[in-house]
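Participant: pasting a predicted model and its sequence here:
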Amino acid sequence: MPRTQRPVPDPRLVGWLREAGRPVSGEELARRLGCSRAAVWKHIAALRAQGFTIGAHHARGYSLDATPDRLDPVTLAPLLRGRWRTIDWHAEIDSTQRRARELGRAGAEEGTVVVAEAQSAGRGRLGRSWHSPPGLNLYCSILLRPPVALAEVPQIALVAGLAVAEAVEVTTGLGPRLKWPNDVLLGGRKTAGILTELEAEEERVQLVIAGIGVNLNLETFPDELADKATSLRRAVGRPIDRGAFLAGLLAAFEARYERFLASGFAPMRAEWESYAALTGRTVRVAAPQGEVAGRVLGLDDDGALRLDPGDGGVVRVVAGEVSVVDGYGE
């Protein structure tokens, strides 16, 4: 190795220093890594070059004083708790959805997470663009290979929504709401959106891409979004740790996804209802079969929206764009 070439930083170093919360000796780090103290110094230098602030304390060792605000594998690895640990990180990309599909077609494993600091062509449902400024929010796509019927795939968006709601609630202490089928709201304004896309061969699902965008630290929105969107930072008045948020979100999503594969969406319906923004509200839904309107009664076990159209019957809606007629009452 040329004398000027630094090793690839070992993410375990970040984890050990973070967990210790105090200086750890070079000798101890060398023992854990199975290398020399000189090699430890090179790893420390490589981490510093990537933006980590690592203190050197005489006779006591190294301390992790600050981490960069970045969602790359070295920063995230010590925070991840589940099996979804393969992070495909990009400083900028056109779309994490496109990249995840590319990886999926190439055989990437389930749970591969594509993360970008910025997107030049981020998008949401119905082909709408997703405002994706750099280094402020979360833009990620998770590759899944669920052994389920095609008709069950839309329920994965509901499962992902539950995970986002939990992560927002844990991070902020506030009560997020879920707007069927795929939006997460704070104070009646959109703070996160979910986009699921699938590829199938005949009736067999090949892959599902769960795209999740969350406004975390964005404080100023374009004029067209100013009265419709918000961020976690605006809601709580302090910066949000993006790495901790993503780690919590992935753990929450993975746990619920496994429950979904084992038992379907029905056991999670009540939890989803506890976050529901629309139940009891009067809505109009632009559905594939035409516009329908009525008061929202809740969800069916398969995730369909149940409406009371006012004639004593019940209308089920399995897909569509919802407009709230009478507001969210918040």
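Facilitator: The structure has been received and is ready for your questions.
Participant: where do the helices sit along the stretch 101-250 of the chain?
Facilitator: According to DSSP state H, counting those that start in this stretch, the stretch 101-250 of the chain carries its helices in the segments 154-172, 232-236, 242-263.
Participant: just these: most buried one?
Facilitator: Counting by mean count of other C-beta atoms under 10 Å, helix 154-172 has the highest mean neighbour count of the helices of the stretch 101-250 of the chain, with a mean of 22. From N, CA and C alone the C-beta is placed, and that goes for glycine too.
Participant: got the angle between it and helix 242-263?
Facilitator: Inter-element angle recorded for helix 154-172 and helix 242-263: 140 degrees (by axes from the mean of the first three to the mean of the last three C-alpha atoms, to 10 degrees).
Participant: helix 154-172 - contacts with which helices or strands?
Facilitator: Applying 3 or more C-beta pairs under 8 Å, 6 or more residues apart in numbering; DSSP states H and E, we find helix 154-172 packed against strand 177-179, strand 183-186, strand 189-201, strand 204-214, helix 232-236, helix 242-263, helix 269-275.
Participant: residues in contact with the last one?
Facilitator: With C-beta atoms under 8 Å, 6 or more residues apart in numbering as the test, helix 269-275 has contacts from 158, 161-162, 165, 176-178, 279, 298-301, 303.
Participant: so which bits of the helix or strand that it is followed by are buried?
Facilitator: In the C-terminal direction, the helix or strand that comes right after helix 269-275 (DSSP states H and E) is strand 282-287. Across strand 282-287, burial judged by 16 or more other C-beta atoms under 10 Å covers 282-285, 287.
Participant: what does stretch 52-65 give?
Facilitator: Buried residues in stretch 52-65, counting neighbours by 16+ other C-beta under 10 Å, are found at 52, 54, 61-64.
Participant: which one among the residues you listed gets closest to residue 255?
Facilitator: Comparing these against residue 255 with C-beta to C-beta places residue 64 closest, at 27.9 Å.
Participant: that closest one and residue 18 touch, don't they?
Facilitator: Yes: here residue 64 reaches residue 18: they are 5.4 Å apart, a contact under C-beta atoms under 8 Å.
Participant: what residue in the protein is the furthest from its centre?
Facilitator: Here the chain reaches farthest from its C-alpha mean at residue 59, the gap being 41.4 Å by C-alpha atoms, centre = their mean.
Participant: how much space between it and residue 27?
Facilitator: Using C-beta to C-beta, to the nearest Å, one gets 11 Å for the distance from residue 59 to residue 27.
Participant: what sits against the residue nearest in space to the middle of the chain?
Facilitator: Compute the mean C-alpha point of the chain, and by C-alpha atoms, centre = their mean the closest residue is residue 212, 4.8 Å away. Residues counted as contacts of residue 212 (C-beta under 8 Å, 6+ apart) are 138, 140-142, 160, 164, 192-194, 249.
Participant: which ones are touching the nearest residue to residue 252 once chain neighbours are set aside?
Facilitator: The spatially closest residue to residue 252, leaving aside those adjacent along the chain, is residue 163, at 3.9 Å (C-beta to C-beta, 6 or more residues apart in numbering). Under the criterion of C-beta under 8 Å, 6+ apart, the contact partners of residue 163 comprise 249, 252-253, 256.
Participant: which one of the residues you listed is nearest residue 199?
Facilitator: Closest approach to residue 199 among those (C-beta to C-beta): residue 253, at 19.9 Å.
Participant: that closest one - nearest residue in space that isn't next to it in sequence?
Facilitator: residue 163 (3.7 Å).
Participant: got a pLDDT number for that neighbour?
Facilitator: At residue 163, the predicted lDDT confidence score is 98.
Participant: if I look at it, how far off is residue 291?
Facilitator: Taking C-beta to C-beta as the criterion, residue 163 is separated from residue 291 by 31 Å.
Participant: same check on residue 210?
Facilitator: Residue 210 is 28 Å from residue 291, where distance means C-beta to C-beta.
Participant: when the two are compared, which one has more neighbours?
Facilitator: A side-by-side neighbour count of residue 210 and residue 291, using other C-beta atoms under 10 Å, places residue 210 first with 25 against 11.
Participant: need the contact list for residue 247.
Facilitator: Contacts here follow C-beta under 8 Å, 6+ apart; on that basis residue 247 touches 76, 79-81.
Participant: please consider this matter closed, and thank you.
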